[in-house]
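>>> Build me a model:
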Amino acid sequence: MGSQFSSSDIDTVTVGDYLFVPKGMAHFALSKTETIIQVHGIGPFVVNYVDPIYVLRDQGIGLVRTGGKIEQLQESVPSDCFTLKTGEHVRGSTGEGVVVYGQCSPANHLTQYWVQTASGKRFWATATDLMKE
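Residues are numbered from 1 along each chain as shown. Below is the predicted model:
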C-alpha cells in the first residue's frame, strides 16, 4: 500500500488470494504475467492514478490519468521513459520476444514492457531486465 512504488514492499499474491483495499487507499502493483484483477464492491468504481502513466503502443505514446482511458499525449515524454519501441526484439530473464506495449511511471522511476514470445505467450518485464537484440 502507499502512493510510491517500492519493489521491496511488494507482497506476493497468487491465484485464489484476495486483498482488501479501503476506499481511497493509494496502492501499487507489479505483475510479470497476464493478470486478471477481479473487483467486488458497491459502485460507482473508478481508478484514479496518483501519478499519471505514459503508455507505449503501436499508435504512439499516450497518457493515462483515470481508469485506463488513454488520452492523446499533450505534453512531452520524459527522456528516461521508453528506451525500447514496439516491435523491437528483446531478451530478459523471463524470456525473449517482441515488445508489444509499455508503461512508464516517471514519478516511481519504473518502466515495464509487455513482451510477446514467438509462441504468443506474453510476459511483463522491467526496462532494467530487458536487453535489445
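>>> check contacts around G95.
V115, T117, K121, F123 (Cβ atoms under 8 Å, 6 or more residues apart in numbering). For every residue, glycine as well, the C-beta is placed using N, CA and C.
>>> Swap in 10 Å and give it another go.
V115, Q116, T117, A118, S119, K121, R122, F123, A125 (Cβ atoms under 10 Å, 6 or more residues apart in numbering).
>>> Point out the ones among these that are inside strands.
Using DSSP state E, the subset of the contacts of G95 located in strands is V115, Q116, R122, F123, A125.
>>> on that earlier part again, of the contacts of G95, closest to S7?
A125 (13.3 Å; Cβ to Cβ).
>>> okay, now the closest residue to the closest one other than its chain neighbours: neighbour count?
Distances taken as Cβ to Cβ, 6 or more residues apart in numbering put G92 closest to A125, at 4.5 Å, once the chain neighbours are dropped. Neighbourhood size, G92 [other Cβ atoms under 10 Å]: 17.
>>> Run through this structure and note the low-pLDDT ranges.
74 (pLDDT under 70).
>>> For V46, see how far away P78 is.
26 Å (Cβ to Cβ, to the nearest Å).
>>> Name the residue in those two with the higher neighbour count.
More crowded of P78 and V46, by other Cβ under 10 Å: P78, with 12 against 9.
>>> so that one makes contact with D51?
No. Contact criterion Cβ atoms under 10 Å: P78 and D51 do not qualify, at 11.5 Å.
>>> Test of understanding: give the bridge partners of V55.
G62, Q103 (DSSP bridges).
>>> That one contacts G68, correct?
Yes. With contact defined as Cβ under 10 Å, V55 counts as touching G68 (9.4 Å).
>>> Among these two, which residue is more densely surrounded?
For V55 versus G68, neighbours defined as other Cβ under 10 Å are more numerous around V55 (20 against 9).
>>> and the more buried one, what is it in contact with?
61-64, 68, 70-71, 73, 82, 101-104.
>>> Strands of the chain, residue ranges please.
48-57, 60-66, 70-72, 89-92, 96-105, 110-116, 122-126, 130-132.
>>> Between these, which one is closest to I37.
strand 122-126 (13.7 Å).
>>> Would you mind measuring from D51 to H109?
From D51 to H109 the distance is 11 Å (Cβ to Cβ).
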